[in-house]
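>>> Quick one, structure for this:
(chains A and B)
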Amino acid sequence: DAGITQSPRHKVTETGTPVTLRCHQTENHRYMYWYRQDPGHGLRLIHYSYGVKDTDKGEVSDGYSVSRSKTEDFLLTLESATSSQTSVYFCAISSTSGGPNEQFFGPGTRLTVL
Amino acid sequence: DAKTTQPTSMDCAEGRAANLPCNHSTISGNEYVYWYRQIHSQGPQYIIHGLKNNETNEMASLIITEDRKSSTLILPHATLRDTAVYYCIVRVNDYKLSFGAGTTVTVRA
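Numbering: from 1, shown residues only, chains lettered A, B, ... in the order given. Okay, here's the model as predicted:
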């Protein structure tokens, strides 16, 4: 299995509090992604990174920010959590772009915002 | 990216082949067909991808029609551990995936 870990694996927080989720990889892959998964919606891309300090928005980026200060870590921050951000969050990595490639997914973080 | 259409669910008997269809009638010439699966509560797992030719690996076979408007993922000998949601994704040569609802496959003993 690709070396991807997510922390925490489970978190319960209250509306209005800041939350940071961490994705850590040991594969030295260039690309990293954050997705959220909700019932009936499949996985939706939040943000992605194509290198250190290089990030861009996905389809559901409102309310989220990301940072990547080193290759192995990609952080997802909810500045002020809302109940609509209750979801399962998956991190993924891939090594190339511009050609067929596979993404490797982490185990997920289950976030509940009360 | 081209849209895909998959059945919502399907059942398969253990030990038999599972054939999962996917329609992608608006696929363009440079788009690949990818298949991923997601076993309950886990992150998605890559299965296979193809452009024009049929492909086979240790997990599955991918059959793409000549006009590329549809494809079939074949699990040759389904086991109970193949019970999962299977996603068919058509994608240009970039790095962002778009997952739909997929097909829920239940393998029964």
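>>> which one is residue 48 nearest to, not counting chain neighbours?
If you meant another chain, say so; for now it's chain A. A:Tyr33 (4.4 Å; CB to CB, 6 or more residues apart in numbering or on different chains). All C-beta atoms are positioned from the backbone trio N, CA, C, and that covers glycine.
>>> think we crossed wires, I meant chain B
Take B:Ile48 and drop its neighbours on the chain: the residue closest to it by CB to CB, 6+ apart is B:Leu62, 4.9 Å away.
>>> hang on, A:Asp56 in a strand?
Yes. Checked against DSSP: H, G, I helix; E, B strand; the rest coil, A:Asp56 lies within a strand.
>>> List the contacts of the residue nearest to it when sequence neighbours are not counted.
In space, A:Asp56 comes closest to A:Tyr48 once its chain neighbours are excluded; the distance is 6.0 Å by CB to CB, 6+ apart. With contact set as CB atoms under 8 Å, 6 or more residues apart in numbering or on different chains, A:Tyr48 has these partners: A:31-34, A:55-56, A:58, B:95-96.
>>> Likewise for A:His24?
Taking CB under 8 Å, 6+ apart, one finds A:4-7, A:72-73 in contact with A:His24.
>>> in the helix or strand hosting it, what counts as buried?
Per DSSP states H and E: A:His24 is located in strand A:19-25. If you call a residue buried by 16 or more other CB atoms under 10 Å in any protein chain shown, then strand A:19-25 has these buried ones: A:19, A:21, A:23-25.
>>> Using CSV, please lay out those together with distance to B:Pro7 and pLDDT.
Shown next, in CSV, are the buried residues of strand A:19-25 (distance: CB to CB, whole Å; pLDDT from 0 to 100):
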residue, distance to B:Pro7, pLDDT
A:Val19, 37, 97
A:Leu21, 33, 98
A:Cys23, 33, 98
A:His24, 37, 98
A:Gln25, 34, 97
